[in-house]
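Undergrad: Need coordinates for the below:
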Amino acid sequence: MANTTDYKYEFFNVSFPAEYVAHVEINRPEKLNAFMEIMWLNLSAIFKKLSHDSSVRAVILTGAGDRAFTAGLDVQAASEGQLTSTASDAARKANNLRRHILEFQDCITALEKCEKPVIAVLHGISYGLALDMSLACDIRISTHDTKFSVKEVDIGLAADIGTLSRLPHSVGNHSFVKEIALSARVFGSDEALTHGLVSHVYADKKTAVDEALKLASLIASKSPVAVVGTKEIINYSRDRTIVDGLHYTAAWNAAMVQTQDVQDAMLSGLQRKQAKFSKL
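TA: The predicted structure is shown next:
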């Protein structure tokens, strides 16, 4: 099992509740888990480390407290940071902001780039950055009380950290995407489930986290070679043609199918017993 002392990061709790499963909890409940810069930098560092941790095969992402997964960006903290560039030249100010936005985007993309599948458990207020983060995750589940919103137009911005790029791929309905992004209206889990934004809705946070742990444990019981390859190929194929995806899959599996895991998995099926796979 991974060592919790290797994952000490401000505003996050990282634990290992089951074999090969990590639980990352956003921990700023007194501010509805709203993000300031140190938090997205730490989030990126955590997921980069988890990606290469051989003792981790699946990850759960939650928010501390009962009120919010995250209310999004801490607007007050942001207004005192990079958004207040002192450069007098418009081009230089724009370039500084561009660098800052790209860094922020990269931090959230670390969830998507993590080799291990990530399950987001959304509850309560899940605005703005909550969607940016959860859309970079592999699986999203929510609770009956979850309130979603692509909130950025309400603070004078086009969402710029990933939602506008990832949401159309996740729900496949541009009318719905544009409606919620242009209006910033709040919608609930029933609507999110209808449009495929989440795959399950549970009665409360505890139940949702328990179910996420069951799912993460199930995924973690599979061949890590197969799981890493499956996530990689699905993500690669999302933005490309079917032919490109097939060619990439062939190249990937030409190497990966040679793993001992294939033989172990097949043998376990024949013998009707649970296979045990080596760390990746």
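Undergrad: part of a helix, is S54?
TA: No - S54 is assigned coil when assessed by DSSP: H, G, I helix; E, B strand; the rest coil, not a helix.
Undergrad: Tell me the secondary structure at the closest residue to it other than its chain neighbours.
TA: Leaving aside its sequence neighbours, S54 sits nearest to K279 (CB to CB, 6 or more residues apart in numbering; 3.9 Å). (Each C-beta comes from the backbone N, C-alpha and C, glycine too.) Here K279 is coil, with the state taken from three-state DSSP.
Undergrad: Wait, a strand at T62?
TA: Yes - when three-state DSSP is applied, T62 is found to be in a strand.
Undergrad: Tell me how far the residue nearest to it when sequence neighbours are not counted lies from G245.
TA: With sequence-adjacent residues excluded and distances taken as CB to CB, 6+ apart, T62 is closest to V121, at 4.6 Å. Separation of V121 from G245 (CB to CB, to the nearest Å): 29 Å.
Undergrad: quick one: which of these two has more around it?
TA: Comparing V121 with G245 by other CB atoms under 10 Å, the one with more neighbours is V121, at 29 against 16.
Undergrad: So that one belongs to a strand, correct?
TA: Yes - judged by three-state DSSP, V121 forms part of a strand.
Undergrad: contacting residues around it?
TA: 60-62, 69, 141-142, 205, 208-209, 212 (CB atoms under 8 Å, 6 or more residues apart in numbering).
Undergrad: Please apply the same query to A90.
TA: No contacts exist for A90 under CB under 8 Å, 6+ apart.
Undergrad: Show the backbone phi and psi for it.
TA: Phi and psi for A90, reported as degrees, to the nearest 10, are phi -60, psi -40.
Undergrad: Excluding chain neighbours, what is closest to P17?
TA: P17 sits nearest to H23 (CB to CB, 6+ apart), 5.3 Å away.
Undergrad: What segments of the stretch 151-280 of the chain are strands?
TA: Per DSSP state E, counting those that start in this stretch, the stretch 151-280 of the chain carries strands over the ranges 187-188, 200-202.
Undergrad: So which of those is nearest E10?
TA: strand 200-202 (29.6 Å; CB to CB).
Undergrad: Now the closest one: buried residues?
TA: By 16 or more other CB atoms under 10 Å, the buried positions in strand 200-202 come out as 200-202.
Undergrad: do stretch 157-167 as well
TA: Applying 16+ other CB under 10 Å to stretch 157-167 flags 159, 161-164, 166-167 as buried.
Undergrad: Out of those, flag the one nearest to R99.
TA: Nearest member of the buried residues of stretch 157-167 to R99, counting by CB to CB, is I161, at 14.2 Å.
Undergrad: shaky segments in the stretch 1-150 of the chain?
TA: Low-confidence segments of the stretch 1-150 of the chain, defined by pLDDT under 70: 79-85.
Undergrad: where do the helices sit along it?
TA: With DSSP state H, counting those that start in this stretch as the criterion, the stretch 1-150 of the chain has helices at 37-52, 75-79, 90-113, 129-136.
Undergrad: Just want the angle from the last one to helix 90-113.
TA: Think helix 129-136. 50 degrees (axes from the mean of the first three to the mean of the last three CA atoms, to 10 degrees).
Undergrad: and the angle for helix 129-136 with helix 37-52?
TA: For helix 129-136 against helix 37-52, the angle by the same axes, to 10 degrees is 20 degrees.
Undergrad: where's helix 129-136 relative to the chain centroid, distance-wise?
TA: Relative to its chain's centre, helix 129-136 lies at 6 Å (CA atoms, centre = their mean, to the nearest Å).
Undergrad: Tell me which other helices or strands it touches.
TA: Applying 3 or more CB pairs under 8 Å, 6 or more residues apart in numbering; DSSP states H and E, we find helix 129-136 packed against strand 68-70, helix 90-113, strand 118-122, helix 163-171.
Undergrad: ok so, going back, I figured the residue nearest to P17 hits V14, correct?
TA: Yes - with contact defined as CB atoms under 8 Å, H23 reaches V14; the gap is 7.1 Å.
Undergrad: Quick one, grab the pLDDT at Q271.
TA: With respect to pLDDT, Q271 scores 75.
Undergrad: hang on, the earlier thing: okay if I get the strands of the stretch 151-280 of the chain as CSV plus mean pLDDT and distance to Q258?
TA: Below are those laid out as CSV (pLDDT from 0 to 100; distance: least, CB to CB, whole Å):
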stretch, mean pLDDT, distance to Q258
strand 187-188, 98, 47
strand 200-202, 98, 35
